[in-house]
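Asker: turn this into a structure:
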Amino acid sequence: MSVPVEAGLHIRRTFEHVPRLRQMNATFLVLNGSASGLNYSSVVDMDVFSGYDYMYITSIPAVRAFFYCIYVLIFVTGICGNILVCFVVFHKNSMQTVTNIFIANLALSDILLCALAVPFTPLYHFMTTWAFGSLLCHLVPYAQGVSVYISAFTLMAIAIDRFFVVIYPFRPRMRLSVCFTIIVSVWVSSALLTLPYGIFMGLIQDPQNGKRYYCEEEWPSEVNRKTFSSLTTTLQFLVPLSIVTFCYVRVCCRLQDRVRAKPGARSLKEMERKRTRRTNRMLISMVLIFAVSWMPLNLYNLVADFYIPASKWPYSNAFFFLSHAIAMSSTCYNPFLYAWLNENFRKEFKLVLPGFISPHLAAERAADNATKLERTLNGRDTNTVQETITTRNKSRSDLFSERRSSQATCARYVASSGPEVVLLELPIDTESHAVLLTAI
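Answerer: Predicted structure coming up:
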């Protein structure tokens, strides 16, 4: 495929004068959907870069092997972990809650990101040519951008849902129909916001080597490119980070206030204070991990787009791959943060994993569970018998006192449908003994 000299930007001159910069330009094009291609020639005289000897540290075999291992580990862990999350949610009806549906949507976007961004980016760089055709040149970067938007918007939706549940516990929970509507809106808006990126990608032939092609951005003007880059960074990273931070900070403060205001024994208050601190640490870790994983790559893109001399730094290529690997690693720990730390998910994982690893082990565990259930139903379970004897030995006055005491207190409900364990205290209607519970 040949590109007319007068078509698009003057990127051909970039390739003619700076072959090493051409390779560098190619490496951080397939990133995360950001407008990060370095199409500088429309505003900068590219002759200033002519003859510059770029040192590619990633061309060192040991460094390249290191990045290969990192990307393979991210790919395998991310794909397996997120597929397991989706299987658990869609396989069992009881797991299809609002929060879990959001987590499954996050897992789907991470699978898409793992399948496209993780393998194609290093392959494109190490092969020094785009060998996947013109169609994939448009589709792969576009799909990567869509998946990053979906991940960011879904994390934002999870944070907002938890915010309303904890701050306004007596409001009705979000319905599944509303949840699915939000998810569809997230996918549609992500596809539309990334559309310009897919349109302005193009396959460009190397003037010095007719068999080598580069998948590059070709914007009508430099202003368009920088505007899109700034908008993408704002919507993909800054806005979600701000909203997630605000929601989780408010949730932490509210949980802390509830522990302080709650009457009760000192030992009970201390136990709940520890639980609240553990929950708060988990929420803070979610914010920090989101910021730390995506900030380096977003900063790299902004510097590459707005400060051209930064591309002359000899180790910029290695810094790109390091920041890209950190961003892609989010696909590995999202299943852990948002699923494995959830008690319900963890129980399902323990039931499902033996079936994948060893059908014989799964059968043994199922038989063991059936035996325990049978013992409990037949009244032969020691704990059940002991509890029954203790209850029968209590006098009527003792039972009456316990009932009055329970009515005077608040119902404690541990909500564990999210990754954190949140203790909500809701009053009991002493007339009808109806306990008002709001599940997270």
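
Asker: what residues are up against Ala191?
Answerer: By Cβ atoms under 8 Å, 6 or more residues apart in numbering, Ala191 lies in contact with Val146. Yep, even glycine has a C-beta here, placed from its N, CA and C like the rest.

Asker: the one 5 residues further on too?
Answerer: The neighbourhood of Pro196, defined by Cβ under 8 Å, 6+ apart, consists of Phe228.

Asker: and it, what helix or strand is that in?
Answerer: Assigned by DSSP states H and E, Pro196 falls within helix 176-199.

Asker: okay, that helix in PDB with CA atoms only?
Answerer: Taking only C-alpha atoms (Å, rounded to 0.1, in the frame of the first residue of the first chain), the coordinates of helix 176-199 have been written out as PDB:
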ATOM      1  CA  LEU A 176     -31.000  -4.500  37.500                       C
ATOM      2  CA  SER A 177     -32.800  -2.900  34.600                       C
ATOM      3  CA  VAL A 178     -31.200   0.400  35.500                       C
ATOM      4  CA  CYS A 179     -27.800  -1.300  35.900                       C
ATOM      5  CA  PHE A 180     -28.000  -2.800  32.400                       C
ATOM      6  CA  THR A 181     -29.000   0.500  31.000                       C
ATOM      7  CA  ILE A 182     -26.000   2.200  32.500                       C
ATOM      8  CA  ILE A 183     -23.700  -0.600  31.100                       C
ATOM      9  CA  VAL A 184     -25.100  -0.100  27.600                       C
ATOM     10  CA  SER A 185     -24.600   3.600  27.900                       C
ATOM     11  CA  VAL A 186     -21.000   3.000  29.000                       C
ATOM     12  CA  TRP A 187     -20.300   0.900  26.000                       C
ATOM     13  CA  VAL A 188     -22.000   3.300  23.500                       C
ATOM     14  CA  SER A 189     -20.400   6.400  24.900                       C
ATOM     15  CA  SER A 190     -17.000   4.700  25.000                       C
ATOM     16  CA  ALA A 191     -17.400   3.700  21.300                       C
ATOM     17  CA  LEU A 192     -18.300   7.200  20.300                       C
ATOM     18  CA  LEU A 193     -15.600   8.900  22.300                       C
ATOM     19  CA  THR A 194     -12.900   6.700  20.700                       C
ATOM     20  CA  LEU A 195     -14.300   6.900  17.200                       C
ATOM     21  CA  PRO A 196     -12.000   9.700  16.000                       C
ATOM     22  CA  TYR A 197      -9.000   7.600  17.000                       C
ATOM     23  CA  GLY A 198     -10.200   4.700  14.800                       C
ATOM     24  CA  ILE A 199     -11.000   7.000  11.900                       C
END
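
Asker: mind listing what's buried in that helix?
Answerer: Residues of helix 176-199 classed as buried: Cys179, Ile182, Ile183, Val186, Trp187, Ser190, Ala191, Leu193, Thr194, Pro196, Tyr197, Gly198 (neighbour count, 16 or more other Cβ atoms under 10 Å).

Asker: cool, and stretch 209-221?
Answerer: Arg212, Tyr213, Tyr214, Cys215, Glu216, Glu217, Glu218, Trp219.

Asker: which residues does the second one bridge with?
Answerer: Beta-bridge pairing of Tyr213, defined through DSSP bridges, involves Gln205.

Asker: for the longest helix seen in the chain, packing partners?
Answerer: Residue-count comparison of every helix in the chain, with assignments taken from DSSP state H, identifies helix 266-306 as the longest. Based on contacts counted as 3 or more Cβ pairs under 8 Å, 6 or more residues apart in numbering; DSSP states H and E, the elements that helix 266-306 packs against are helix 222-233, helix 239-261, helix 316-328, helix 330-335, strand 422-426.

Asker: any idea of the angle that helix forms with helix 316-328?
Answerer: Inter-element angle recorded for helix 266-306 and helix 316-328: 140 degrees (by axes from the mean of the first three to the mean of the last three Cα atoms, to 10 degrees).

Asker: by how many degrees do helix 266-306 and helix 222-233 diverge?
Answerer: Going by the same axes, to 10 degrees, helix 266-306 makes 170 degrees with helix 222-233.

Asker: isn't Ala339 right up against Val352?
Answerer: No - counting by Cβ atoms under 8 Å, Ala339 sits too far from Val352 to count as a contact (11.8 Å).

Asker: and these two? Which one has more around it.
Answerer: For Ala339 against Val352, the residue with the higher neighbour count under other Cβ atoms under 10 Å is Ala339, and the figures read 25 against 16.

Asker: residue contacts, that one?
Answerer: Val85, Val88, Ile103, Ala107, Phe345, Phe349, Pro419.

Asker: returning to what we had before: so which of the helices and strands packed on helix 266-306 gets nearest Thr97?
Answerer: Distance to Thr97, taken as Cβ to Cβ, is lowest for strand 422-426 among these, at 14.2 Å.

Asker: what bits of the chain have low per-residue confidence?
Answerer: Across the chain, the ranges flagged by pLDDT under 70 are 1-56, 262-267, 269, 308-312, 355-440.

Asker: pick the one among the buried residues of stretch 209-221 closest to Leu136.
Answerer: Nearest to Leu136 among those, with distances taken as Cβ to Cβ, is Cys215, at 8.2 Å.

Asker: now do the one helix or strand the closest one maps to against helix 176-199: the angle between them, please.
Answerer: Cys215 is located in strand 213-217, with elements delineated by DSSP H and E. Our comparison of strand 213-217 with helix 176-199, counting by the same axes, to 10 degrees, yields an angle of 120 degrees.
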